[in-house]
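Engineer: Provided below for reference: sequence and predicted model.
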There are 2 protein chains.
Amino acid sequence: MIPFKKALDIIKSSTTALGKTEVVALSSSLNRVLSQDIVSDINMPPFRKTAVDGYACRMEDLSKPLTIVEVIPAGTLPSKTIEKGMCAKIMTGAPIPPGSDCVVPVEDVEMLPDGTIRFTGDKPKSNICELGEDIRIGESPILKGTFVKPQHIAIMAALGCHTPLVSVQPRVSILPTGDELVEPNLIPSDGQIRNSNGHQLISQVIACGAIPVYDGIIRDTEEITERALSKALNECDVVVLTGGVSMGDFDYVPKIMERLGIKILFDSIAVQPGKPTTFGVAGSKLIFGLPGNPVSSFIQFELLVKPSILMLMGCNAPYQPVLRLPLATDYSRKRAERLGFFPVQITAESMVMPIDFHGSAHIFALANANGIASIPLGVKEIKKGDLVDVRPI
Amino acid sequence: MIPFKKALDIIKSSTTALGKTEVVALSSSLNRVLSQDIVSDINMPPFRKTAVDGYACRMEDLSKPLTIVEVIPAGTLPSKTIEKGMCAKIMTGAPIPPGSDCVVPVEDVEMLPDGTIRFTGDKPKSNICELGEDIRIGESPILKGTFVKPQHIAIMAALGCHTPLVSVQPRVSILPTGDELVEPNLIPSDGQIRNSNGHQLISQVIACGAIPVYDGIIRDTEEITERALSKALNECDVVVLTGGVSMGDFDYVPKIMERLGIKILFDSIAVQPGKPTTFGVAGSKLIFGLPGNPVSSFIQFELLVKPSILMLMGCNAPYQPVLRLPLATDYSRKRAERLGFFPVQITAESMVMPIDFHGSAHIFALANANGIASIPLGVKEIKKGDLVDVRPI
């Protein structure tokens, strides 16, 4: 049984970015990891422009009526230089005409009967966005390794990156094992249980931007297990087993591992739930053996498998951010020899309220959870108001 | 200029769930909204089962050696009743044999030379999961209106819901307007700017589970604008305009609105950025006019458009959860007549650190932001350590 931090370190040092890239359309880069820095080919703003609808003029002329010499809509170049007593009607985003040093907003202006205008505001401001004040040619606001969100799409569009280079998506084989499993469309008979892990893991793989590969439940025989594992290692970058086989409950498992060149790096972590989690490598391929209980497999996927998938894509922030929030009520447990995780609700006041939870088979506890909180190894009790680590789910 | 809360109320009372549903495969229900309660057709656990690998026996016999009468792997029914002095070797998840009232874990057992076993632990526990302790037939752990995440997929799989009924995805027309816009693959010439809003909005629509419809930039003429808006209203449930046309900068806009039966319900909100945000309806269709500046359109989409899209799908929690976290440094602004939003970093200590931000055109400020914090109307200054509302992005 190794500490959780040690398990993370072993996985990290066993994981090398795939290094394979592809070019995609801008909108297809959402939830992908960039394989290039986004470099600006322009200055932004690309020209001095007005931040408001109004009248471009000289600040020193504001005490007198001004004559409108032209109208400058957005997308149009000014044709006149603003001189003493002149102004140009100008719309938000349009280029500032030469000679002017401010734009008075339309709401601070009175139209006089002779067609001239008069400034009626109190404190004149420039209301001019300077050339390059947001970004300059050659700057990189987004770096290689960024996991792309909608706000990054906006920036890439602004900077002309219309076909970004992204990492290829790792293929992740999902291998739920067990003679007791039946698929969700069947009614379990005595001693059977539905395969919830497999489908949960498929959606967890999709949610972190990779490609799930699933060929059905793996029955507990040496031949079937070896064939499935061998195929998965050939076709995929990551293999996620769940259930008995991955825990080594069957005596043929070590033989299969040896024949397939799988080297087990740990087979037990001081975490709860998820203690019998196994991790191994076969060359550059990563093999995770997750417990058969669905809460264990859910949490250990989030904690261990997801970061390794993101690292395979070269992501520069593979670990999910952890919030530190106050506990809404006392929390305790009987034994403290493992780092503990439990489902919680983050309340409207950002307090952490534990949810009724029967243990690692109690997947229904996650129906209304929006976070997984943790209690450190060695700690049996946390008091109301104490800060706890919480991962939003 | 109406208060932000009033804008939310107007949008909510104008939005009716589409009510159209479709059946999808389980894995395709990720990021969709359920149109049915998920009702359990089974008890879970479906039978009394062991929570550990060990030996099923009678607690009163634990002081003496026990004879192993059978082995019960997961997925196999017990064939013997456990009587005085007997035990059955049993694997995690397997059914408890009749007669036994506890399972002693394998690590608390010593194997004796004669093949019997002896309990070596100190405090015996039952280690039995009772039938139905997690869920009973007829219970609904997940209700209609739930936005489906991976943990819900696990629960649906466990309960036999393999083809869930979900809401159809609303179609959202993206109409960036402006003669100054060019697409990201072009180099803007003087007075031009790249269309970042359109592509940002496409990815924001995808991220909230709806279908974006985008046919390119809309030029500022009456004919083009009317044709695009008319097509969008015919084909889509929601229309999102950005730029000048949606702000009514052009005098033909009111005429087009009237001809197309669009009723404007508000055209200005006391928020910053995003003040000139417009909202209208045409029958059951929703029309949002967002400002042309990318930060404004990004934030107002998250605050206003996303909840309305989720409501169209019947989502029972359409508003993004808001965290309340302490500010990492003092924050102030000059004017306070609007509810203000500003990009922030949520730090490792869950403090809120404002990011250098030049205003609504400064989309690059969002590159490293992971939250949008708010400062209430009427408030000019927030002190370090005070709690602020933050929306993770």
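Structural biologist: In hand now; what should we look at? Quick caveat, the model's predicted, so the values are computed rather than measured. Numbers count the residues shown, from 1 in each chain, chains lettered A, B, ... in the order given.
Engineer: Enumerate the strands of the stretch 51-200 of chain A by residue range, in sequence order.
Structural biologist: A:54-57, A:67-72, A:86-90, A:102-105, A:109-111, A:117-119, A:128-129, A:165-167, A:171-176, A:181-182, A:193-194 (DSSP state E, counting those that start in this stretch).
Engineer: Including distance to residue A:210, could these go into CSV?
Structural biologist: Every C-beta, even on glycine, is put in place using the N, C-alpha and C of the backbone. Output for these, formatted as CSV (distance: least, C-beta to C-beta, whole Å):
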stretch, distance to residue A:210
strand A:54-57, 51
strand A:67-72, 50
strand A:86-90, 50
strand A:102-105, 50
strand A:109-111, 57
strand A:117-119, 59
strand A:128-129, 41
strand A:165-167, 10
strand A:171-176, 5
strand A:181-182, 23
strand A:193-194, 24
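Engineer: among those, which is the most enclosed?
Structural biologist: strand A:54-57 (a mean of 27; mean count of other C-beta atoms under 10 Å in any protein chain shown).
Engineer: Residue B:280 is nearest to which of the strands of the stretch 51-200 of chain A?
Structural biologist: Residue B:280 lies closest to strand A:102-105 among those, at 25.0 Å (C-beta to C-beta).
Engineer: who are the neighbours of the closest one, in terms of helices and strands?
Structural biologist: strand A:54-57 (3 or more C-beta pairs under 8 Å, 6 or more residues apart in numbering or on different chains; DSSP states H and E).
Engineer: Got the phi and psi for the nearest residue to residue A:385 once chain neighbours are set aside?
Structural biologist: Counting by C-beta to C-beta, 6 or more residues apart in numbering or on different chains, residue A:326 is the residue found nearest to residue A:385 once chain neighbours are left out, at 5.1 Å. When quoted as degrees, to the nearest 10, the phi and psi of residue A:326 stand at phi -70, psi 140.
Engineer: likewise residue A:323?
Structural biologist: phi -90, psi 150.
Engineer: Does the lengthiest helix in chain A reach chain B?
Structural biologist: In chain A, assigned by DSSP state H, the helix with the most residues is helix A:222-235. No. Helix A:222-235 lies out of reach of chain B by C-beta under 8 Å from any C-beta of the partner chain, never closer than 14.1 Å.
Engineer: Compute the inter-axis angle for the very next helix or strand once past that helix and strand A:171-176.
Structural biologist: Note on helix A:222-235: by DSSP states H and E, the next helix or strand toward the C-terminus is strand A:238-242. Comparing the axes of strand A:238-242 and strand A:171-176 via axes from the mean of the first three to the mean of the last three C-alpha atoms, to 10 degrees yields an angle of 10 degrees.
Engineer: For the helix or strand following strand A:238-242, output the C-alpha coordinates as PDB.
Structural biologist: Per DSSP H and E, the first helix or strand lying C-terminal to strand A:238-242 is helix A:253-259. The C-alpha trace of helix A:253-259 is given here as PDB (Å, rounded to 0.1, in the frame of the first residue of the first chain):
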ATOM      1  CA  VAL A 253      -3.500 -13.100 -14.100                       C
ATOM      2  CA  PRO A 254       0.200 -13.000 -13.300                       C
ATOM      3  CA  LYS A 255       0.900 -15.400 -16.200                       C
ATOM      4  CA  ILE A 256      -1.000 -13.200 -18.700                       C
ATOM      5  CA  MET A 257       0.700 -10.100 -17.400                       C
ATOM      6  CA  GLU A 258       4.100 -11.700 -18.000                       C
ATOM      7  CA  ARG A 259       3.300 -13.000 -21.500                       C
END
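Engineer: roughly how far out does helix A:253-259 sit from the chain middle?
Structural biologist: 36 Å (C-alpha atoms, centre = their mean, to the nearest Å).
Engineer: Name the residues that touch the longest helix of chain A?
Structural biologist: A:171, A:173, A:175, A:177, A:213, A:215, A:218-219, A:239, A:241, A:245, A:250, A:252-253, A:255-256, A:259-260, A:262, A:282, A:285, A:287 (C-beta atoms under 8 Å, 6 or more residues apart in numbering or on different chains).
Engineer: Any buried residues in that helix, and which?
Structural biologist: A:225-226, A:228-229, A:232-233 (16 or more other C-beta atoms under 10 Å in any protein chain shown).
Engineer: Name the nearest residue to whichever residue of the stretch 251-393 of chain A sits closest to chain B, sequence neighbours excluded.
Structural biologist: Ranking the residues of the stretch 251-393 of chain A by distance to chain B (C-beta to the nearest C-beta) places residue A:366 first, at 3.9 Å. Of all residues not flanking residue A:366 in the chain, residue B:151 sits nearest, at 3.9 Å (C-beta to C-beta, 6+ apart).
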